[in-house]
Each structure stands twice: as structure tokens, then as C-alpha cells.
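Enquirer: heads up, no residue letters with this:
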């Protein structure tokens, strides 16, 4: 292994050692980048990312055909990284990323062990993941007592540190982490009074509504939100109001719930400070970089994958996406950018976004497009068109905002496409 | 007896299919809405004797972390979840722990073992 020093050069630096970073690094090595020329930078003291605190099962069904817990899924990849000899720097926080005059990327990072580190990399994979929306981003009125946590912070306390954040819990938001924590806190002896969801549908997987809420008779109030937090030193309760179709609280619908803890599970935000700082264009809807089919951003040689690119429901898809990015980075290092034409992809109507945002022509392989809808839709056809020509049409029995969808466009279907744009839309039955 | 239909959300995989189960009294008759045979089996078990995989943590002595995540190797009767939690709460294992290591041979008389879901090294 090459020495770690204050000034280093590597072919490929992977920022983030969670599921995306691990899979990208493995794929890059498998596609020809020498392991000694790769370096993974991870801010936590071990590889695995958020999976390490997701001790519940449900990971890996698509990829491994079995249900693993988060730590088991992470171990499959972190063990492989170690076996392959791909180096990583742990407890290392990346501070800056920018492109140098010669096209290489300069990364500065800090760690207790090595102090300030300056790295020059030809290619970079962004795999920083995402973070939770906190109280500050939600504008909940009321006092500012102790006892308010994001669901993920509570998950870390309970599953890693061994502390219970409280005994009587109200959860705002029905994202998967909130649902999982409703069950976890209940099993550990807390009483979860209620889960309030602003939207008229849950943001989590239906099976989590069943196995995390209904299994324990925890009520889910849809179209409800917290309109006041009570308590001086510690949370003593919350006021929950119903909201109208414009998500405004309905006067007179207030209900008081006594509690000592509020958990927030109100969505995830891709963590793109470095991306923004580097001047890489972002998609305002996903909050992640604009990328092509191999997950290369608009900055040559910089790739992005996983929750930093768009928030996924399933880690299996994070791994698959990161493999595209890792393989893409390997190919880029070997061949550079080709002379392809980039065809933009535009979501229409209630399709909120599509990743990737562009596809290179001529297409060498089939391209899978991932998208999300903005509302619940029953029985609709997904249509992908180019200048009036239908490249894909397929029925979906039901589309939910909480569940990512995908369509695969055959390379052959893209072959006749010369310009314009791809549009993705729904046709309701 | 008259037949009744109940709607369930399948929890076997993240697809979360909506199942419509026909029951005759306490007896399972048929199911629709499942996308795979595992969903059919889930519907029958869920309506007669529901089972769940339990994941939790146990205390660790001398490890690099204070807790080791664990899971049941297979599902256990749903009504035993809280009793199982109480048994796990009494447990304290010695580091190092290897992923897959059996920490409880038989959880609450179910015959189902509890295994570690990660490595814990000496800390």
C-alpha cells in the first residue's frame, strides 16, 4: 500500500465510504483501475455508512436474493474492499473540492491522524450520501426544549450508543426511518403515541406501515402536522393539527399529545456542499448533480452515485448505481470523454424527476431511467418519447411518491434517435 | 361458515403487494394480489399464526462498540416479540464477536437462534 502523506496523487478518489462509495470503488478496481491508485475517504471511523445503524432487515433482496440487515449488507462490500486491497482513510473529513487548471481535481481533507491532507485526483466519485431535514428546515413553532431529534439521530443513539432518547414519543413524518424507529422504540419499551404525516399518503414503504405501525397499533394521522411544540427544559407535548389540501393547518382541528420526545422523519437532502463548491450543476428537484447514464456529472471526470445524487428507497439500487459510476470512472480514466452527443431527458406532468438527466448518443447499452411521481397514481402508462416517437410504453398498476420507479430503454430503441430530447410522462387510464 | 375477505400489505419484500385474503371462519381459503409464491405463504401464515424476524442489539463486554446488532435466524411467532426482547435484554456477550456468530441457541423456546449481524473487535 502506498504511503499516506500530506500531499498525495491518486487516479481516483472516492468521497464517502458508505454503500455507494464502496460499490463504486470495487467497480472501478474491477474495471481496470489499480487498487493502489484508488483512495476512499470516509469521515466515520469505519466503512459502511448509515447502514451500520440500520440494524433492521430488508436490505439486499434484489441484489443477493436474501434479506440482510444493514450491517450485514455493508459487510459484504466493506470486506470485499479490504480483500481487494483498496485503501481507505477513515475519520477523514473532506473540506474542499475544486478543479485545477490541468483538469485534475484538488481535494483537501482533515483527520486527527494525518492533519491536513491535500490530494490530487484525476477522477472523483462523489458518494457523500444524504442527511435528514431537521427542525430548522421545518419551521415548527413553539419552544425549543430538549427531546427533539431526527429519526436517524435517535437511531444512532439506540442502535449504536445504547441510549434511549425518551419514553413517550411522537413522530413527525412517515418516511421509512421514522417508521422503523417507531417499531424500534416500541420494542425497546417506549410508547409511540402517534405518527403525523403532512401529506395525504405515507412517504415510506407500504410494508413498513404494516410491520412498524399496524403490528404495534401505532396510529398514523395522514394530512396532519405538528403546529406547536410545548415544554421549557424538555418536551412535554405537541399540538397536532389537520391540514387542508394546500397543507395549511385547519383551525379547530388541534389535538394535544403529551410526550417527552419528538422524532422528525421529514425527508432527506443529498449532501452536496462539496459538489456546489466545485461548481458542478445540480438538479433543483433531486438536489443532486445532473448526470449522464454512467453517472458522470457536468464536470469531466467527476461522477456521483447513491443518495448524494438522488434519495433512494433501497440500498440495492444505490449499489447498482455506484457500480455504473465506478465503471464509468474507470472507463473515463482509460479513454477520456468521447465525442458523444448528450440527449437531455425531461420529466413531464406529475413525474417529478428522472435520473440520469442526459443520455449519450450513440447508446452502447440499454439505459435504465429512474423516476419518482409527485402524487399517488393508479393504473397509468409510463411513456418515453423522442420527438413524437415512442421508445417505451409500459403499464404500472400503481405509482407512489414514496417508491422509486424505473424503465429500461433498449439501446436499439435509442439507435434511431438523433437529437431533440427524451420526455418521460404518464398517461392515466 | 361465511367467507370474509381481508386486505393485507405483504411484508415479505419491499414491493409491499396488497393481498386480498379470503377466510372461512378461522380457516384460510385463498389469496389474490400476490406477485410471488412467498406472498401466498405469508398471507396464510399472517392470517393464522403471524411470524416476524426480530432485529435488536445486545450488550457487549470489552468491544470497540457497546452494542452488537443481532437478528433472529428465521422468523418467530409475532406474539413472542416482547418476551424475546426481554430475553435479549438480559444478555451480555464478550468481545470479539464475529458476524453470523450464534449468540442465543434457542430464543424463548422457539428453536430459532439469534445471530450477530456484524463483527465487534476488541476495543
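Expert: Arrived safely. Keep in mind the model is a prediction, meaning the values are calculated, not measured.
Enquirer: can you tell me the closest non-neighbouring residue to residue A:48?
Expert: Excluding the flanking residues, the one nearest residue A:48 by CB to CB, 6 or more residues apart in numbering or on different chains is residue A:74, at 3.5 Å. For glycine as for every other residue, the C-beta is placed from the backbone atoms N, C-alpha and C.
Enquirer: contact partners for the one you found?
Expert: With contacts defined as CB atoms under 8 Å, 6 or more residues apart in numbering or on different chains, residue A:74 is in contact with A:18-19, A:22, A:47-49, A:51-52, B:118.
Enquirer: out of those residues, which are buried?
Expert: A:18-19, A:22, A:47-49, A:51-52, B:118 (16 or more other CB atoms under 10 Å in any protein chain shown).
Enquirer: now intersect those residues with the helices, please.
Expert: In helices, judged by DSSP state H, the following of the buried ones among the contacts of residue A:74 are found: A:19, A:22.
Enquirer: quick one: name the residues of chain B near chain A.
Expert: Chain B comes close to chain A at residues B:8-16, B:18, B:52-57, B:59, B:65-67, B:69, B:71, B:78, B:81-82, B:85, B:99, B:117-119, as judged by CB under 8 Å from any CB of the partner chain.
Enquirer: filter those residues down to the buried ones and hand me the PyMOL line.
Expert: Those of the residues of chain B next to chain A that count as buried under 16+ other CB under 10 Å are selected in PyMOL with:
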select buried, chain B and resi 8+9+10+11+12+13+14+16+52+53+54+55+56+57+65+67+69+71+81+85+99+117+118+119
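Enquirer: now do the SS call for residue 83.
Expert: Went with chain A since none was named. Three-state call for residue A:83 (DSSP: H, G, I helix; E, B strand; the rest coil): helix.
Enquirer: for chain B, give me its nearest residue in the stretch 151-300 of chain A.
Expert: With CB to the nearest CB as the measure, residue A:206 is the residue of the stretch 151-300 of chain A nearest to chain B, at 3.4 Å.
Enquirer: before we move on, the earlier item: in a helix, the residue nearest to residue A:48, correct?
Expert: Yes. Assessed with three-state DSSP, residue A:74 lies in a helix.
Enquirer: quick one: mean pLDDT over stretch B:18-25.
Expert: When pLDDT is averaged over stretch B:18-25, the result is 89.
Enquirer: and that stretch, which residues are buried?
Expert: Result for stretch B:18-25 [16+ other CB under 10 Å]: buried residues B:19, B:21-23.
Enquirer: and if you look at stretch A:53-70?
Expert: Neighbour counts using 16+ other CB under 10 Å place A:53-61, A:63, A:67-70 of stretch A:53-70 among the buried residues.
Enquirer: if we look at chain B, which of the residues you listed are close to it?
Expert: Filtering the buried residues of stretch A:53-70 for proximity to chain B (criterion: CB under 8 Å from any CB) leaves A:55-58, A:61, A:67-69.
Enquirer: would you check which pair of these lies furthest apart?
Expert: By the measure CB to CB, A:55 and A:61 form the most distant pair in these, at 16.8 Å.
Enquirer: look at residue 29 and give its secondary structure.
Expert: Chain wasn't specified; assuming chain A. Residue A:29 is classified as helix under three-state DSSP.
Enquirer: other chain: chain B
Expert: Residue B:29 ends up strand, using three-state DSSP.
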